[in-house]
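Q: got a sequence here, can you build the structure:
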Amino acid sequence: MEKHLHALRRAGHKLTPQRRAVLAALQASPAFPAALDIFRRVRASLPDISLDTVYRTLALLVEMGLVNQINLPGHGGNVFELVGDSHHHHHLICLKCGRAECLDYCPVKSHEFAAAQKRGFTVVSHSLEFYGYCRDCRAAN
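A: Predicted structure coming up:
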């Protein structure tokens with residue numbers, strides 16, 4: 001979490017108790033919490049925090065590349081993942097139960113970034129989600 005706080009400070013953002021609490025909640029949460037889950041966890045220590053503050057903090061952290069936002073179609077929106085020191089990865093997402101799993105490699109090849117560069121586009125980040133059905137949901141059908 002110190003890496004994330006340092007990045008906020010370096011970018012000129014204040015290290016407010018709310019931002020610290022959201023980061024701590026992400027760090028302590030099981031994989032892929034929703035904004036409402038983070039809000040509930042933060043309210044335990046900061047009862048006056050608003051859901052809007054949590055959303056704005058998450059948006060800032062996503063914009064800075066400190067948190068991944070993963071879209072779960074049909075499951076109430078997005079979930080979040082604190083970007084750690086581990087390698088870059090993508091996700092497999094079940095359309096039925098909403099389970100998300102990390103894909104341990106990046107299928108995007110460097111020549112694709114070079115193609116974007118040739119068009120005058122500088123890629124600073126990317127994310128990729130594969131949507132389908134997990135083993136359990138396929139077996140239930």
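
Q: how is the chain carved up into domains?
A: 1-84, 86-141 (automatic domain parsing).

Q: Serialize those to CSV and add fields for mean pLDDT.
A: Shown next, in CSV, are the domains of the chain (pLDDT from 0 to 100):
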stretch, mean pLDDT
domain 1-84, 92
domain 86-141, 85
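
Q: pick the most buried one from these.
A: Highest mean neighbour count of the domains of the chain: domain 1-84, a mean of 16 (counted as mean count of other C-beta atoms under 10 Å). For the C-beta atoms, the positions are set from N, CA and C on the backbone; glycine is no exception.

Q: quick one: distance of that domain to the chain centre.
A: In terms of C-alpha atoms, centre = their mean, to the nearest Å, the centre of domain 1-84 is found 8 Å from the chain centre.

Q: name the SS class of the closest residue to residue 101 other than its chain neighbours, please.
A: Of all residues not flanking residue 101 in the chain, residue 92 sits nearest, at 4.7 Å (C-beta to C-beta, 6 or more residues apart in numbering). Here residue 92 is recorded as strand under DSSP: H, G, I helix; E, B strand; the rest coil.

Q: show me what contacts residue 92?
A: Counting by C-beta atoms under 8 Å, 6 or more residues apart in numbering, residue 92 touches 100-103, 129-130, 132, 134.

Q: do that again at 7 Å, thanks
A: Contact partners of residue 92, counting by C-beta atoms under 7 Å, 6 or more residues apart in numbering, are 101, 103, 130.

Q: can you confirm residue 68 is in a helix?
A: No: assigned with three-state DSSP, residue 68 falls outside any helix and is strand.

Q: doesn't residue 78 make contact with it?
A: No: using C-beta atoms under 7 Å, residue 68 is not in contact with residue 78, being 9.8 Å away.

Q: pretty sure residue 129 contacts residue 94?
A: No: Residue 129 is beyond contact range of residue 94, at 11.0 Å (criterion: C-beta under 7 Å).

Q: where's residue 78 relative to residue 119, distance?
A: Look at residue 78 and residue 119: by C-beta to C-beta, to the nearest Å, they are 29 Å apart.

Q: swap in residue 30?
A: 40 Å.
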